[in-house]
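Trainee: Mind looking at a prediction? Sequence and model below.
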Amino acid sequence: MSETITLITFGSVALIMALVSGVFLGFSDFIMRSLRVSSPRAGIEAMQQINREVMSSAFVFSLIALAPVSLGLMAYAWFALGGPAQGWFIAGGAVYVVGTFLVTLFGNVPMNRRLDAMAVDGPETEAYWAHYAVTWTRWNHVRTAASALSAAALLVGCAVYA
């Protein structure tokens, strides 16, 4: 890849990572807080609908696609680049894969699936909701920070590489 194409590629991926982080930030900052202070039934029903609708969104496409893209760019940086930019590019990809993608896959998604399988007005659902709203949000904080740090690392790598 030419230097220009390398910078455009890594810069574009950083931008998409930052957009993913922004969606997560909205949930961490005010969406989950709003759902928690709503009646349990309203919060549960809204979150179930959000979890269903998000599956066909550009957000989920980006969230998932960034994992193999990150792995590919990490391999490219490892084998084709040298110098300090290489470390920033590899770190950015690794933080995204572990802190964003794997946390989503093994932290948030199983909780979403369990909530979705529950009746909105069931007594066990309300008890689970109290746990879900707090724990899910904590994992989301991790995803927010990881995707933002990934974007920042790629941008630092671009600056160093240029």
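Mentor: Thanks, I have it.
Trainee: For the rest of this, base every contact and every neighbour count on C-alpha atoms.
Mentor: Noted.
Trainee: Scan the chain for its longest helix.
Mentor: Longest helix of the chain, by residue count under DSSP state H: helix 123-161.
Trainee: Now that helix: average pLDDT?
Mentor: In this model, helix 123-161 has an average pLDDT of 97.
Trainee: Does residue 71 touch residue 92 like I think?
Mentor: No. When contacts are counted by C-alpha atoms under 8 Å, residue 71 is not listed as touching residue 92 (10.1 Å).
Trainee: if you count what's nearby, which of those two comes out ahead?
Mentor: The residue with more neighbours, out of residue 71 and residue 92, is residue 92; 29 against 16, by other C-alpha atoms under 10 Å.
Trainee: Now the longest helix of the chain: buried residues?
Mentor: For helix 123-161, the neighbour count (16 or more other C-alpha atoms under 10 Å) marks 125-126, 128-129, 132-133, 136-137, 139-158, 161 as buried.
Trainee: tell me the phi and psi of residue 57?
Mentor: phi -110, psi 160 (degrees, to the nearest 10).
Trainee: now it: how far from residue 64?
Mentor: Residue 57 sits at a distance of 11 Å from residue 64 (criterion: C-alpha to C-alpha, to the nearest Å).
Trainee: who has more neighbours, these two?
Mentor: Using other C-alpha under 10 Å as the criterion, residue 57 and residue 64 rank with residue 64 on top: 15 against 11.
Trainee: Skipping its backbone neighbours, what lies nearest the more buried one in space?
Mentor: Leaving aside its sequence neighbours, residue 64 sits nearest to residue 101 (C-alpha to C-alpha, 6 or more residues apart in numbering; 7.1 Å).
Trainee: Report the separation between that neighbour and residue 127.
Mentor: 28 Å.
Trainee: where are the low-confidence patches of this structure?
Mentor: For the chain, no stretch has pLDDT under 70.
Trainee: quick one: contacts for the closest residue to residue 146 other than its chain neighbours?
Mentor: The shortest distance from residue 146 to any non-neighbouring residue, by C-alpha to C-alpha, 6+ apart, is to residue 99 (5.1 Å). Residues near residue 99 by C-alpha atoms under 8 Å, 6 or more residues apart in numbering: 142, 143, 146, 147.
Trainee: hang on, the last one packs against residue 98?
Mentor: No. With contacts defined as C-alpha under 8 Å, residue 147 does not count as touching residue 98, sitting 9.9 Å away.
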